[in-house]
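Engineer: Provided below are the primary sequence and the corresponding predicted coordinates.
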Amino acid sequence: MQTTNIYASIITIGDELLIGQTIDTNSAWMAQELNKIGVWVKRRVAVGDSREDIWQSLDEELKQSDIVLLTGGLGPTADDITKPLLCDYFGGKMVVNEQVLEHVKNIFLRLKRPLLERNLKQAEVPDVCEVLMNERGTAPGMLFRRQEKIIVSMPGVPHEMKGLMSKKVVPLLLKEFNMPVILHRTLLTAGVGESFIAEKIQLWEEALPGHIKLAYLPNYGMVRLRLTTQGTDEKALQAEIDHLFKELQELVQEWLVADKDEPLEKALGDLLLARNKTIATAESCSGGYIAHLLTSVPGSSAYFKGTVVAYSYDAKETILGVNHSTLESKGAVSEETITEMFNGLMKVTTADYGIATSGIMGPGGGTDDKPVGTVWVAVGSRAKMVAKRLHFRFDRAKNIELTAAHALLMLFQFVKENG
């Protein structure tokens, strides 16, 4: 059993990752799960479907880490080269695993799909590995050992990888290693920059014990502050970090949005639930993205009434009751139009609070007085509304994300002050 810090490397395999065709969500999820059990992820590496590159990555990461986790390249097609490479790397030979073979046959029988020879080859594994049964797919996980180090290869399909990690890999690592305790405490602030916060808490930060670190994580007008510590006495560490976290909350109280590591849409939802209030949105430039964020939170049906995506002039007029003359004289991106959109939303829904957005996301459509990135946002209740003009300078996707983040923040602050 090892008692020192345990380090891991994650290698994700596939040309699609390198050309941006597929976004690597696997390594982020795996890193979170490893950190929960006391494993520090030292490096995350993405490599293509290249035997030489994968081999070299294994050489490098085994020098760095106690645990190396690989995902990808275990499918039945010619570009899936991970399994034969691992067989050569660890000096084994391919054999048929009867348990995997039966599992593959049962899957195809249940799905009533033809079973091809290449599907049957999924049951072939290196004889030097420990097979980890993949209940969610045909490609098994494979565990290899080199001295005191553990190497695990898993499918790249997120659903399959998560099943193997949760049911096989994490329990095995907990048995194999004596993990240190890693604790995090995170809060979310908004409406102030990280430099200003750093000035405000400078003396407190300088007095932190050496084993407790503070990280600043800025994003879209908000800053997350994370305290991290590690050691062996969990009870003592918990008491110490809880005490310091309470002090930190008091220092940033005027900008505090949430005292846990959660997105703004979750914090807003919790606030609405606590006050037994509801929300609806009227979205033009954000195209339903705010509604998407709100409904991504489990249980949001308790407070989210719905959305109107009124993109065209016609939709704004017929659904939200915006006056044609307002659109003609002031334009869709104006205080007058956003006010009428908000009022219309309040008329066509029963929500207690609302958000309305209208803007120019780009890349075209801007004018001298209304350049690309100009956005009007209105938030409020049936008794009061606040409208604000915003200016963003990024591409279309980023402008939409920023619009949503600022709109959610505006309503969060409005509910706290006026609810």
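Structural biologist: It's in. Numbers count the residues shown, from 1 in each chain.
Engineer: looking at this structure, which residue lies furthest from center?
Structural biologist: The outermost residue of the chain, judged against the average C-alpha position, is residue 325 (43.0 Å), by CA atoms, centre = their mean.
Engineer: Now do the SS call for it.
Structural biologist: Three-state assignment for residue 325 (DSSP: H, G, I helix; E, B strand; the rest coil): helix.
Engineer: ok, now which ones touch it?
Structural biologist: Residue 325 makes no contacts at all, as judged by CB atoms under 8 Å, 6 or more residues apart in numbering. Quick note: C-beta positions are derived from backbone N, CA and C, even for glycine.
Engineer: And for residue 83?
Structural biologist: Residue 83 touches 73-74, 94, 124-126, 142, 153, counting by CB under 8 Å, 6+ apart.
Engineer: redo that, cut-off 6 Å
Structural biologist: residue 74 (CB atoms under 6 Å, 6 or more residues apart in numbering).
Engineer: Can you give me the buried ones in the helix or strand where it lies?
Structural biologist: In this structure, residue 83 sits in helix 82-89 according to DSSP states H and E. For helix 82-89, burial by neighbour count (16 or more other CB atoms under 10 Å) applies to 82-83, 85-87, 89.
Engineer: Could I get the pLDDT score of residue 113?
Structural biologist: Among the per-residue scores, residue 113 holds a pLDDT of 88.
Engineer: State the distance from it to residue 157.
Structural biologist: To residue 157, residue 113 is 17 Å away according to CB to CB, to the nearest Å.
Engineer: more neighbours, these two?
Structural biologist: Comparing residue 113 with residue 157 by neighbour count (other CB atoms under 10 Å), the higher total belongs to residue 157, at 18 against 10.
Engineer: ok, and the closest non-adjacent residue to that one?
Structural biologist: Nearest non-adjacent residue to residue 157, counting by CB to CB, 6 or more residues apart in numbering: residue 137, 6.2 Å away.
Engineer: For that neighbour, the count of nearby residues, please.
Structural biologist: 21.
Engineer: Can you give me the end-to-end span of stretch 293-301?
Structural biologist: Stretch 293-301 has an end-to-end distance of 13 Å (criterion: CA to CA, to the nearest Å).
Engineer: Need the residues that contact that stretch.
Structural biologist: Outside of stretch 293-301, the residues within contact range by CB under 6 Å, 6+ apart are 265-266, 269, 304, 404.
Engineer: same thing but at 10 Å, please
Structural biologist: Residues outside stretch 293-301 that contact it (CB atoms under 10 Å, 6 or more residues apart in numbering): 262-270, 272-273, 279-281, 286, 288, 291, 303-304, 306-307, 355, 401, 404-405, 407-408.
Engineer: so how far is that stretch from its chain's centroid?
Structural biologist: Computed by CA atoms, centre = their mean, to the nearest Å, the chain-centroid distance of stretch 293-301 equals 15 Å.
Engineer: same thing with stretch 255-262?
Structural biologist: The chain centroid and the centroid of stretch 255-262 are separated by 16 Å, computed with CA atoms, centre = their mean.
Engineer: Repeat that for stretch 175-192.
Structural biologist: Centre-to-centre, stretch 175-192 and its host chain are 16 Å apart (CA atoms, centre = their mean).
Engineer: what's the answer for stretch 74-91, then?
Structural biologist: The answer for stretch 74-91 is 30 Å, by CA atoms, centre = their mean.
Engineer: okay, that stretch in PDB with CA atoms only?
Structural biologist: The C-alpha trace of stretch 74-91 is given here as PDB (Å, rounded to 0.1, in the frame of the first residue of the first chain):
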ATOM      1  CA  LEU A  74     -11.000   0.100 -28.600                       C
ATOM      2  CA  GLY A  75     -13.700  -0.200 -31.300                       C
ATOM      3  CA  PRO A  76     -14.100  -2.800 -34.000                       C
ATOM      4  CA  THR A  77     -12.800  -0.700 -36.900                       C
ATOM      5  CA  ALA A  78      -9.300  -0.400 -38.500                       C
ATOM      6  CA  ASP A  79      -8.500   2.900 -36.900                       C
ATOM      7  CA  ASP A  80      -9.000   1.500 -33.400                       C
ATOM      8  CA  ILE A  81      -5.400   0.500 -32.600                       C
ATOM      9  CA  THR A  82      -5.200   0.800 -28.900                       C
ATOM     10  CA  LYS A  83      -5.700  -2.800 -28.000                       C
ATOM     11  CA  PRO A  84      -3.000  -4.400 -30.200                       C
ATOM     12  CA  LEU A  85      -0.600  -1.700 -29.300                       C
ATOM     13  CA  LEU A  86      -1.100  -2.300 -25.600                       C
ATOM     14  CA  CYS A  87      -0.600  -6.100 -26.200                       C
ATOM     15  CA  ASP A  88       2.800  -5.300 -27.800                       C
ATOM     16  CA  TYR A  89       3.700  -2.700 -25.200                       C
ATOM     17  CA  PHE A  90       3.200  -5.100 -22.300                       C
ATOM     18  CA  GLY A  91       4.700  -8.100 -24.100                       C
END
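Engineer: Quick one: mean pLDDT for stretch 277-288?
Structural biologist: On average, the pLDDT along stretch 277-288 is 98.
Engineer: Stretch 305-312 now?
Structural biologist: pLDDT averaged over stretch 305-312 gives 97.
Engineer: which other residues reach it?
Structural biologist: Stretch 305-312 is touched from outside by 278-292, 294-295, 315-320, 322, 332, 341, 344-345, 348-358, with contacts defined as CB under 10 Å, 6+ apart.
Engineer: at 7 Å instead, please
Structural biologist: Stretch 305-312 is contacted by residues 278-284, 287-288, 291, 316, 319-320, 341, 345, 348-351 when judged by CB atoms under 7 Å, 6 or more residues apart in numbering.
Engineer: Now list the buried members of these.
Structural biologist: 278-284, 287-288, 291, 316, 319-320, 341, 345, 349, 351.
Engineer: Now go through these and say which are in strands.
Structural biologist: 279-283 (DSSP state E).
Engineer: quick check, residue 228 in a strand?
Structural biologist: Yes - under three-state DSSP, residue 228 sits within a strand.
Engineer: For it, which residues are in contact?
Structural biologist: Going by CB under 7 Å, 6+ apart, residue 228 touches 184, 213, 215.
Engineer: Generate a PyMOL selection restricted to the buried entries among those residues.
Structural biologist: In PyMOL syntax, the buried subset of those is picked out as below (16+ other CB under 10 Å):
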select buried, resi 184
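Engineer: May I see the contacts of residue 228 organised as CSV, with secondary structure, pLDDT and distance to residue 67 added?
Structural biologist: Listed next are those as CSV, based on DSSP: H, G, I helix; E, B strand; the rest coil; pLDDT from 0 to 100; distance: CB to CB, whole Å:
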residue, secondary structure, pLDDT, distance to residue 67
184, strand, 93, 20
213, strand, 95, 22
215, strand, 95, 23
